[in-house]
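Asks: Kindly generate the corresponding structure for this input.
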Amino acid sequence: MKKQSLKGWKELAIGGLILEAGNSVEYESGSWSPQKLIFYKDRCIQCLQCWIYCPDNSIIVKEGKVIDVDHFHCKACGICITHCPTEPKSLELVMEEESLKAG
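Replies: Numbering: from 1, shown residues only. Alright, predicted model coming up:
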């Protein structure tokens, strides 16, 4: 994955304006939330519902299977969790300190 250069606040568009579609990849928004999304591969049934509904394209899919989460762009909104059909869920939001323990 290519690292994007971060823009300063003066270089950002005025709030609420979307000047071009698909520009979320330009902004590393993963640090906006104190929570991190944890993916449990052993619980995942590969239905891809999390990938379909993720508004930031933060679910990493390779060869048709979910393999991880892009933490640079995941805002921890939890939409993916609400669409996950497994019990227990294959995705979980935890406080960042706990995510370091979960590895």
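Asks: Next up, the contacts around the residue nearest the centre of the chain.
Replies: Computing the C-alpha centroid of the chain and ranking residues by CA atoms, centre = their mean puts residue 74 first, at 2.7 Å. When contacts are counted by CB atoms under 8 Å, 6 or more residues apart in numbering, residue 74 is found next to 29, 30, 36, 37, 54, 56, 58. Just so you know, the C-beta spots here come from the backbone N, C-alpha and C atoms, and that holds for glycine as well.
Asks: Please identify, among these, the one with the most neighbours.
Replies: Counting neighbours by other CB atoms under 10 Å, residue 37 leads the contacts of residue 74 with 26 neighbours.
Asks: for the helix or strand in which that residue is found, the distance to its chain's centre please.
Replies: Using DSSP states H and E, residue 37 falls within strand 35-39. Centroid separation for strand 35-39 versus its chain: 8 Å, with CA atoms, centre = their mean, to the nearest Å.
Asks: just checking, what packs against that strand?
Replies: strand 65-69, strand 91-95, helix 96-102 (3 or more CB pairs under 8 Å, 6 or more residues apart in numbering; DSSP states H and E).
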